[in-house]
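Engineer: This is a predicted model, with the sequence first.
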Amino acid sequence: MTDTITLLGLESSCDDTAAAVVRHMPGQAPQILSSVVAGQTALHADFGGVVPEIAARAHAEKLDICVEEALLQANLQLRDLDGIAVTAGPGLIGGVVAGVMCAKGLAAGSGLPLIGVNHLAGHALTPRLTDQTVFPYLMLLVSGGHCQFLIAKGPEDFQRLGGTIDDAPGEAFDKTAKLLALPQPGGPSVEVEARNGDPERFRFPRPLLDRPGCDMSFSGLKTALLRERDRLVSEHGGLRRTDRADLCAGFQAAVTDVLAEKSRRALTEYLTLAPSSPTLAVAGGVAANMTIRGALETVCDQANVAFLAPPLALCTDNAAMIAWAGIERFRTGARDDMTLQARPRWPLDQHAPAMLGSGKKGAKA
């Protein structure tokens, strides 16, 4: 297909309600005509994490508002679109259902084609939206619910090299923030606190570095921090500000070391494909952490591989990536109908064995 395609994308897999319009003309860079994100941080603040029922209700209330705003910003109406793309999984099932039902209603009312999108594919294809990266490239998807290395070979062709067997890094950051009485979301809070800390004071474990392969584990790291916190509280009758900063710095350093070393191993395997433009791309909320970005960039420099990280607004959940992934599927002729189902789990690599274990959010991967 060589025609210009304009799609509306909807995203509601976790705690961000989003709508966006993306246009692509063959031979040119994609255009994000609008991108609207309604966060839910305030709704979940008192609970120390995302409450699925609250998230689902908020999505149902905000989706149509986000769609209206996205169309308004793009100066378009439904009849100007070529189709509607929606996250059909994986994710918190109530939120995914809300998005899928909204998209079905829009498609039925407008007569536009419906395209179901894997949320992970949205992240994994973001480098092609932002930088027109050519296949194959290595993708590190690292967020609150997911962590895996993928070789992206095509719009729907992904090879998983490894992933977390328990908590995702973003979940570990959130739990660490909760243990240290820092505000949610935990990633930014821990990163800010770590800037004033000593990463060498507490030598936390680097799980699975003593084993071959690209699999990761972060649950034990969180437990080690909990024990150190309890020891400090017992010794000093509370947690001093310097203690908290040093704990955050030590935790962040451990996560960074694990991701850096596993990236080296993944790159070694990826480079056996002799790609024409070797690239390591990173996406997901944890990709916004500048310390982790810096370490990954160093790894790429040492391997003579290009490093690519999308703008911060496209690291976290958004609908522009869903619209773009929809365009990629649309060009292959893929279409869905009213039987499209919401899926709590939906692995990108259909041939890889299931990861062992799962964290509270990790199961959706």
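Structural biologist: Right, received. Where do you want to start?
Engineer: In stretch 10-27, which residues are buried?
Structural biologist: If you call a residue buried by 16 or more other CB atoms under 10 Å, then stretch 10-27 has these buried ones: 10-24. Where you see a C-beta, it was placed from the backbone N, CA and C, and this is true even at glycine.
Engineer: what about that stretch, distance to the chain center?
Structural biologist: Distance of stretch 10-27 from the chain centroid (CA atoms, centre = their mean, to the nearest Å) equals 14 Å.
Engineer: go on, stretch 339-351?
Structural biologist: Mean-position distance between stretch 339-351 and its chain equals 16 Å (CA atoms, centre = their mean).
Engineer: most centrally placed residue in this structure?
Structural biologist: residue 284 (3.0 Å; CA atoms, centre = their mean).
Engineer: Ignoring the adjacent residues along the chain, who's closest to it?
Structural biologist: Using CB to CB, 6 or more residues apart in numbering and skipping the chain neighbours, the partner closest in space to residue 284 is residue 143 (3.2 Å).
Engineer: What is the neighbour count of the one you found?
Structural biologist: Using other CB atoms under 10 Å, the number of residues around residue 143 comes to 26.
Engineer: Ok, the one 4 residues further on next?
Structural biologist: Around residue 147 sit 33 other residues, with neighbours defined as other CB under 10 Å.
Engineer: beta partners for it?
Structural biologist: Going by DSSP bridges, residue 147 is paired in beta bridges with residue 142.
Engineer: do the one 10 residues further on as well
Structural biologist: Partner residues in beta bridges with residue 157, using DSSP bridges, are residue 154.
Engineer: right, and residue 285 touches residue 315 too?
Structural biologist: Yes: counting by CB atoms under 8 Å, residue 315 is a contact partner of residue 285 at 6.0 Å.
Engineer: okay, those two: which has more neighbours?
Structural biologist: Counted by other CB under 10 Å, residue 285 and residue 315 do not tie: residue 285 has more neighbours, with 26 against 23.
Engineer: now the helices for the stretch 251-365 of the chain?
Structural biologist: Applying DSSP state H, counting those that start in this stretch to the stretch 251-365 of the chain gives helices spanning 290-303, 320-331.
Engineer: Most tightly packed of those?
Structural biologist: Most buried of the helices of the stretch 251-365 of the chain, by mean neighbour count (mean count of other CB atoms under 10 Å): helix 320-331, with a mean of 28.
Engineer: quick one, the one helix or strand residue 149 maps to and helix 320-331 angle?
Structural biologist: Assigned by DSSP states H and E, residue 149 belongs to strand 147-154. With axes from the mean of the first three to the mean of the last three CA atoms, to 10 degrees defining the directions, strand 147-154 sits at 30 degrees from helix 320-331.
Engineer: Identify each buried residue in strand 147-154, please.
Structural biologist: Quick answer for strand 147-154 (16+ other CB under 10 Å): 147-152.
Engineer: Dump these to CSV, plus pLDDT and distance to residue 251.
Structural biologist: Shown next, in CSV, are those (pLDDT from 0 to 100; distance: CB to CB, whole Å):
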residue, pLDDT, distance to residue 251
147, 90, 16
148, 94, 21
149, 96, 22
150, 96, 26
151, 97, 29
152, 97, 30
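Engineer: For residue 234, state which of those is nearest.
Structural biologist: residue 147 (32.4 Å; CB to CB).
Engineer: Pretty sure the closest one sits against residue 169.
Structural biologist: Yes: under the criterion of CB under 8 Å, residue 147 makes contact with residue 169 at 5.4 Å.
Engineer: anything in contact with each of those two?
Structural biologist: Counting by CB atoms under 8 Å, 6 or more residues apart in numbering, the contacts common to residue 147 and residue 169 are 218, 286.
Engineer: that older thread, quick one, which of the helices of the stretch 251-365 of the chain is nearest to residue 119?
Structural biologist: When the helices of the stretch 251-365 of the chain are compared for distance to residue 119 using CB to CB, the nearest one is helix 320-331, at 7.4 Å.
Engineer: The closest one packs against which elements?
Structural biologist: strand 5-11, strand 16-24, strand 83-89, strand 114-118, helix 119-124, helix 126-131 (3 or more CB pairs under 8 Å, 6 or more residues apart in numbering; DSSP states H and E).
Engineer: Which of the buried residues of strand 147-154 sits closest to residue 78?
Structural biologist: residue 152 (31.1 Å).
Engineer: ok, now how distant is the closest one from residue 134?
Structural biologist: Separation of residue 152 from residue 134 (CB to CB, to the nearest Å) stands at 10 Å.
Engineer: what's the overlap in contacts for those two?
Structural biologist: Counting by CB under 8 Å, 6+ apart, nothing touches both residue 152 and residue 134.
Engineer: Could you tell me which ranges of this structure sit under the pLDDT cut-off?
Structural biologist: Low-confidence segments of the chain (pLDDT under 70): 1-2, 144, 355-365.
Engineer: What ranges does it have for its strands?
Structural biologist: 5-11, 16-24, 31-39, 83-89, 114-118, 137-142, 147-154, 157-163, 279-283, 306-308 (DSSP state E).
Engineer: could those strands go into TSV alongside distance to residue 217?
Structural biologist: Below are those laid out as TSV (distance: least, CB to CB, whole Å):
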stretch	distance to residue 217
strand 5-11	28
strand 16-24	27
strand 31-39	29
strand 83-89	24
strand 114-118	24
strand 137-142	14
strand 147-154	10
strand 157-163	10
strand 279-283	19
strand 306-308	25
